[in-house]
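Engineer: sequence first, predicted model second:
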Amino acid sequence: MNKIYLDNAATTPLSEEVIDAMVGTMKMNFGNPSSTHSFGQEAKILIENVRRQVADYLHVSPAEIIFTSCGTESNNMIIKSSVENLGVERIISSPLEHKCVSESILDMKSRKGVEVVYIRPNEKGDIDLNKLEELLKSSDKKTLVSLMHVNNEVGNITDIKKIATLCKANNVLFHSDTVQTMAHMPLDFSDIAVDFASCSAHKFHGPKGAGFAFIRKASGLKGIITGGPQERSLRAGTENVAGIVGLGKALEISINNMDAYATHMQEIKDYAIERLSAEVSGIKFNGRSAEKENSLYTVLSALLPYKNPLIGLQLDMKGIAISQGSACSSGASKPSMVMMMVLSEDEMDNCTPLRISFSHLTTKTEIDALVDALKEISSDYAIEKTNVEHR
């Protein structure tokens with residue numbers, strides 16, 4: 001069976017160039033980067049080269065890039081340290097955030113008594129920026145806004161430049177989870193006045209266990225993992241040298257091919273929308289997922305017109321890897337918060353969401369195979385439903 005992978009929003013396969021770079025590092029540069037001898041300093045140079053590379057991409061200072069294990073760690077550090085070390089008393093966010101953000105916020109509410117205010121999105125998953133501005137002006141408490149750049153389930157793009165401008169005008173800190181957009185879109189943090197952002201390398205064909213936080217130097221944020229001076233004393237612990245090198249190589253490849261990759265994935269996404277609309281009767285698309293201007297090209301969120309909680313398993317048995325939502329919520333017995341926000345009660349009870357996510361490796365032939373599999377499953381469902389109705 002030829003296996004097909006359509007879950008790239010969860011993770012992407014490592015590119016061969018990244019593997020080669022990491023293996024070479026593990027063989028030749030095993031020194032501890034905190035050591036003062038040549039072995040350590042050679043490893044340190046590799047890390048600093050990647051730090052400068054990331055900083056150049058984001059148009060920021062290398063001192064503002066802090067290497068972590070992933071986006072989850074970065075988001076936890078930013079949110080919790082903002083409360084514990086910067087005196088944040090109020091957090092404005094949305095129900096659409098990734099669990100690592102939403103649960104960090106709830107932890108600060110529970111342990112530190114932080115006031116939490118949610119902006120409820122509309123049925124398309126849009127955040128009302130007028131409502132945000134009202135909230136920014138409604139309190140004198142030190143406030144952090146935490147709103148993701150692109151939603152990991154429906155692909156909606158949020159205008160973080162406008163949000164950053166609003167936050168700046170109201171003397172409010174702004175954090176954006178940029179895990180889904182880092183290395184997929186041009187990002188200029190000299191122009192976008194975000195204070196904090198996050199990255200996971202495995203979202204753009206880099207290794208798991210490597211990521212970074214962007215922390216605006218003027219913010220004064222402090223680390224929450226202590227025990228050493230690594231990463232400007234913001235993240236203690238020996239750095240994952242091979243992982244950071246892999247992140248840098250993956251970022252280099254993604255930046256050099258960004259336009260070509262984006263064009264290819266948008267073509268694949270458009271083709272998927274066209275084929276699914278034509279061949280799967282009653283299918284819909286969630287949020288802004290099917291809108292080219294308002295959704296990232298990597299993600300398509302579809303809604304099948306029948307309830308089938310086993311759809312992921314059935315597709316997997318046909319050799320097609322896909323998800324029904326965020327990988328971090330895949331084991332949950334109830335729909336994700338994102339789906340609860342964008343679907344009606346009737347859709348929640350009677351329909352099945354699917355998240356199809358693409359990479360530059362995805363082909364139209366793979367989309368054809370997905371469509372054929374869904375048609376077969378839909379046909380089986382219709383037959384079973386008819387049988388049940390006639391019993």
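Structural biologist: Received the coordinates, thanks.
Engineer: wait, Ser281 sits on Tyr306?
Structural biologist: No: if you go by Cβ atoms under 8 Å, Ser281 and Tyr306 don't touch, sitting 10.2 Å apart. Glycine gets a C-beta too; all of them are placed from N, C-alpha and C.
Engineer: those two - which one has more neighbours?
Structural biologist: Using other Cβ atoms under 10 Å as the criterion, Ser281 and Tyr306 rank with Tyr306 on top: 14 against 11.
Engineer: I'd say the more buried one and Ser378 touch.
Structural biologist: Yes: with contacts counted by Cβ under 8 Å, Tyr306 reaches Ser378, the gap being 7.3 Å.
Engineer: how close does Glu153 sit to Val114?
Structural biologist: Using Cβ to Cβ, to the nearest Å, we find Glu153 at a distance of 26 Å from Val114.
Engineer: comparing the two, which residue is more hemmed in?
Structural biologist: Neighbours were counted for Glu153 and for Val114 using other Cβ under 10 Å; Glu153 has more, 29 against 21.
Engineer: quick check, pLDDT for the more buried one.
Structural biologist: At Glu153, the model reports a pLDDT of 95.
Engineer: would you agree it falls within a helix?
Structural biologist: No: applying DSSP: H, G, I helix; E, B strand; the rest coil, one finds Glu153 to be coil, outside a helix.
Engineer: can I get stretch 59-79 in PDB? Just the C-alpha atoms.
Structural biologist: Extracted in PDB, the C-alpha atoms of stretch 59-79 (Å, rounded to 0.1, in the frame of the first residue of the first chain):
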ATOM      1  CA  HIS A  59      14.600  41.600  11.000                       C
ATOM      2  CA  VAL A  60      15.400  41.600  14.700                       C
ATOM      3  CA  SER A  61      18.500  41.500  16.900                       C
ATOM      4  CA  PRO A  62      20.100  38.000  17.400                       C
ATOM      5  CA  ALA A  63      19.800  38.800  21.200                       C
ATOM      6  CA  GLU A  64      16.000  38.600  20.800                       C
ATOM      7  CA  ILE A  65      16.100  34.900  19.600                       C
ATOM      8  CA  ILE A  66      16.000  32.400  22.400                       C
ATOM      9  CA  PHE A  67      16.200  28.700  21.400                       C
ATOM     10  CA  THR A  68      13.700  26.300  23.100                       C
ATOM     11  CA  SER A  69      12.500  22.800  22.600                       C
ATOM     12  CA  CYS A  70       9.300  23.800  20.700                       C
ATOM     13  CA  GLY A  71       6.500  26.300  20.300                       C
ATOM     14  CA  THR A  72       4.700  24.900  23.400                       C
ATOM     15  CA  GLU A  73       7.700  25.700  25.600                       C
ATOM     16  CA  SER A  74       8.100  29.100  24.000                       C
ATOM     17  CA  ASN A  75       4.400  30.000  24.500                       C
ATOM     18  CA  ASN A  76       4.500  28.700  28.100                       C
ATOM     19  CA  MET A  77       7.600  30.700  28.900                       C
ATOM     20  CA  ILE A  78       6.200  33.900  27.400                       C
ATOM     21  CA  ILE A  79       2.800  33.800  29.000                       C
END
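Engineer: in it, what's buried?
Structural biologist: For stretch 59-79, a neighbour-count test (16 or more other Cβ atoms under 10 Å) marks 60, 64-79 as buried.
Engineer: one more: stretch 256-276?
Structural biologist: Buried, per 16+ other Cβ under 10 Å, within stretch 256-276: 258, 261-262, 264-266, 268-269, 271-273, 275-276.
Engineer: sketch out the helices for the stretch 251-391 of the chain, chain order is fine.
Structural biologist: For the stretch 251-391 of the chain, applying DSSP state H, counting those that start in this stretch gives helices covering 258-279, 311-317, 337-342, 345-350, 364-389.
Engineer: what sits closest to Asn151 if chain neighbours are left out?
Structural biologist: Excluding its sequence neighbours, the residue lying closest to Asn151 (Cβ to Cβ, 6 or more residues apart in numbering) is Leu96, at 5.4 Å.
Engineer: ok, now which ones touch the one you found?
Structural biologist: Going by Cβ atoms under 8 Å, 6 or more residues apart in numbering, Leu96 touches 121, 125, 127, 148, 151, 156, 337-338, 341.
Engineer: can I get these in CSV with distance to Ile91 and neighbour count?
Structural biologist: As requested, the contacts of Leu96 are arranged in CSV below (distance: Cβ to Cβ, whole Å; neighbours: other Cβ atoms under 10 Å):
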residue, distance to Ile91, neighbour count
Pro121, 17, 21
Gly125, 20, 25
Ile127, 15, 19
Met148, 14, 27
Asn151, 18, 31
Asn156, 21, 28
Met337, 16, 20
Val338, 19, 28
Met341, 18, 22
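Engineer: which pLDDT value goes with Ser35?
Structural biologist: So, for Ser35, pLDDT stands at 97.
Engineer: now the nearest residue to it once chain neighbours are set aside: which helix or strand?
Structural biologist: Of all residues not flanking Ser35 in the chain, Gln41 sits nearest, at 7.5 Å (Cβ to Cβ, 6+ apart). Gln41 is part of helix 38-58 when elements are defined by DSSP states H and E.
Engineer: check which residues of that helix are buried.
Structural biologist: 40, 42-44, 46-47, 50-51, 53-55, 57-58.
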